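Chemist: One predicted model, sequence on top.
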Amino acid sequence: MAYHTDAGLAPVDGRPAEAVQYCAMSNLRSNIVTWLGRKYFSRIHRNGFDLSKMSFLPDATLAPLRREGLDPVADLSRTRAKEPISKLPLPFGINAWLVTGYDESKAVLGKAKGFSSDFTNLAERNIGVAAQQNPGGLGFSDPPVHTRLRRLLTPEFTMRRLSRLTPRIHAIVEERLDAMAAAEGPVDLVEAFALPIPALVICELLGVPYEDREDFQRHSTARFDLFGGANASFGAMSDQLAYLHGIVRKQRETPGDGLLGMLVKEHGDDLDDQELAGLADGVLTGGLETTASMLALGTLVLLQAPDQFAAMRDRDEVVDPFVEELLRYLTVVQVAFPRFAREDMEIGGTKISTGDLVLCSLSGANRDEKLGPDMERVDPHRQSSSHLAFGHGIHRCIGAELARMELRAAYPALVRRFPHMRLAGPAEQLSFRKLSIVYGVDELPVVLG
Ligand code: HEM
């Protein structure tokens, strides 16, 4: 059951208030605890809800966002071995589950009717966000809205439509390599290679000016990074949406050749500005930080394993399976969007009740032995595994093929152009995101050789 904080104990599930207020004593007690918790959270929220300062949150709650270098923290695999669906210790009556098992994650993500991704769930529970911060778009919507919006976007992401971008992607990669070759001294691979490639590709795809990249790159990084606190994260989201509303207005006046222009031309009357900005936001944010992190962290894997570096450089037939293995091993989107149970159910023997919050740890699930043997290790020759790096079910990543195209073009081109590239300093000194939904490295200084 969900409560609005400001309304005290007023229920919002349609039942009359009296029916709830006079229920059994134990229910009343737990309601009071819940209500106090909401008040506490709302105070924290007003004062700046800051996860990095929320030391009272048990470590187990933050474990899915933490890593040791490239690996999920060991606690996560211990939890998975013991309880692939475990109680997530959130304070004050928020009933939450962490799913670390592969089969169990697939079951949750595949059960669209049983779970809601709607943003209003977060706002209703007052988890540091307000309803008006709803970014819209695909990720935070349920059918039938999600079905309608996804149908409009899907034709643009088929292999046939995307293949027209192939020459452009290769040209963008080559331009970046030329710029790196012209630079003197060590180069930050994040700044020079990993970020600009997806930024340029997404700008072309959407029809958004590349000159604005500094703004949207900053917004994309900040919104996934809970280390700056939930307020900073949702503030970045609002800024991004305000920026995209401006772009949408321009595209309405003069539709361009990109995806936004196409949506305006073909479906402009069926989509309001909020929906258009939300769709653009999903593509811009979904496609930037994720692919950039994959490029930087994947390169780090290659730099630390000379045999794998050589395999990517010399063996064309290894590139596709190796990219797939890097996607699985790195699983940069560490957790899926929160799901909320719509009904009582049992998954993998665990009872989940209506309204419970369920968080799927994709990085945990992708290291599960159920997916195959020796999943803690990178194996460039691994026969394809049905990993969950792009999610599963109706919200599965719409840009998966585009991301693959970028990674398959960029890694081999990089190691072929700079066969003697090495890290500019010890790997132990690299600084990684501390509490970010999308894992990444802040900088990757390399010597090109
Ligand atoms: C390596 C790069 C990428 C990774 C690892 C990744 C990962 C994911 C994951 C795990 C989800 C599902 C989240 C959930 O179920 O809660 C997702 C959804 C999504 N991704 Fe990606 N993504 C990547 C690249 C892209 C690109 C290039 C685009 C667009 C051009 C994109 C756009 C989206 C959108 C719009 C959604 C929401 C889909 C829906 O809810 O129907 N992503 N992504």
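Modeler: Structure's in. What do you need? Numbers count the residues shown, from 1 in each chain.
Chemist: just for the chain, where's the confidence low?
Modeler: Low-confidence segments of the chain (pLDDT under 70): 1-57, 91-92, 126-130, 132, 220-235.
Chemist: Break it into its domains for me.
Modeler: Under the assignment automatic domain parsing, the domains of the chain span 1-47, 50-447.
Chemist: Tabulate the ones you listed (a markdown table), appending mean neighbour count.
Modeler: Heads up, the C-betas are built off the backbone N, CA and C, glycines and all. Formatted as a markdown table, the domains of the chain follow (neighbours: other Cβ atoms under 10 Å):
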| stretch | mean neighbour count |
| --- | --- |
| domain 1-47 | 13 |
| domain 50-447 | 18 |
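Chemist: so can I have a markdown table of these showing distance to the ligand?
Modeler: Formatted as a markdown table, those follow (distance: least, Cβ to the nearest ligand atom, whole Å):
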| stretch | distance to the ligand |
| --- | --- |
| domain 1-47 | 20 |
| domain 50-447 | 2 |
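Chemist: which is the next helix or strand following the longest helix seen in the chain?
Modeler: Scanning the chain for the helix with the most residues, using DSSP state H, yields helix 273-304. Next helix or strand after helix 273-304 toward the C-terminus (DSSP states H and E): helix 306-314.
Chemist: tell me how far the longest helix of the chain is from the chain's mean position?
Modeler: Chain-centre distance of helix 273-304: 8 Å, with Cα atoms, centre = their mean, to the nearest Å.
Chemist: in which helix or strand would I find residue 373?
Modeler: Residue 373 belongs to no helix or strand, assigned by DSSP H and E.
Chemist: Kindly apply the preceding question to residue 328 instead.
Modeler: Assessed by DSSP H and E, residue 328 sits inside helix 316-330.
Chemist: What are the contacting residues of that helix?
Modeler: 70, 293-294, 297-298, 301, 308, 311-312, 366, 371, 375, 378-385, 387, 389-390, 404, 407-408, 411-412, 439 (Cβ atoms under 8 Å, 6 or more residues apart in numbering).
Chemist: repeat that with 7 Å
Modeler: For helix 316-330, the external contacting residues (Cβ atoms under 7 Å, 6 or more residues apart in numbering) are 70, 294, 297-298, 301, 311-312, 366, 378-382, 384-385, 387, 389, 404, 407-408, 411-412.
Chemist: What are the boundaries of the strands in this structure?
Modeler: 67-68, 71-72, 85-88, 96-99, 115-116, 187-188, 339-341, 345-347, 350-352, 357-360, 422-423, 445-447 (DSSP state E).
Chemist: now residue 171: how far from residue 266?
Modeler: Distance, residue 171 to residue 266, by Cβ to Cβ, to the nearest Å: 27 Å.
Chemist: same check, this time on residue 448
Modeler: Taking Cβ to Cβ, one finds residue 448 at 45 Å from residue 266.
Chemist: which residues does the closest residue to residue 415 other than its chain neighbours contact?
Modeler: Closest residue to residue 415 apart from its sequence neighbours, by Cβ to Cβ, 6 or more residues apart in numbering: residue 313 at 4.3 Å. Neighbour list for residue 313: 412, 415-416, 419 [criterion: Cβ under 7 Å, 6+ apart].
Chemist: What's opposite the residue nearest to residue 74 when sequence neighbours are not counted in the beta bridge?
Modeler: Once flanking residues are discounted, residue 74 sits nearest to residue 68: 7.1 Å by Cβ to Cβ, 6+ apart. Per DSSP bridges, the residues bridged to residue 68 are residue 71.
Chemist: show me where the stretch 51-200 of the chain has helices.
Modeler: 59-62, 74-82, 102-110, 120-124, 145-153, 159-162, 166-182, 189, 196-206 (DSSP state H, counting those that start in this stretch).
Chemist: can you tell which of those is closest to residue 400?
Modeler: Closest to residue 400 of these is helix 159-162 (Cβ to Cβ; 10.4 Å).
Chemist: show me the contacts for residue 243.
Modeler: Residues near residue 243 by Cβ under 7 Å, 6+ apart: 215-216.
Chemist: Please report the distance of residue 281 from residue 202.
Modeler: 11 Å.
Chemist: and the residue minimising distance to the centre of the chain, bridged to which residues?
Modeler: Computing the C-alpha centroid of the chain and ranking residues by Cα atoms, centre = their mean puts residue 333 first, at 4.2 Å. For residue 333, the beta-bridge partners under DSSP bridges are residue 438.
Chemist: right, and it touches residue 290 too?
Modeler: Yes - contact between residue 333 and residue 290 holds when scored by Cβ atoms under 7 Å: they sit 6.0 Å apart.
Chemist: what's the overlap in contacts for those two?
Modeler: Common neighbours of residue 333 and residue 290 (Cβ under 7 Å, 6+ apart) are residue 438.
Chemist: Show me how far the helix holding residue 328 is from its chain's centre.
Modeler: On the basis of Cα atoms, centre = their mean, helix 316-330 sits 20 Å off its chain's mean C-alpha point.
Chemist: Need the distance between the two termini of stretch 71-90.
Modeler: 24 Å (Cα to Cα, to the nearest Å).
Chemist: Could you do stretch 151-163 as well?
Modeler: Terminal residues of stretch 151-163 are spaced 19 Å apart (Cα to Cα).
Chemist: So what touches that stretch?
Modeler: Outside stretch 151-163, the residues that reach it (Cβ under 7 Å, 6+ apart) are 259, 263, 267, 279, 398-399, 401-402, 405.
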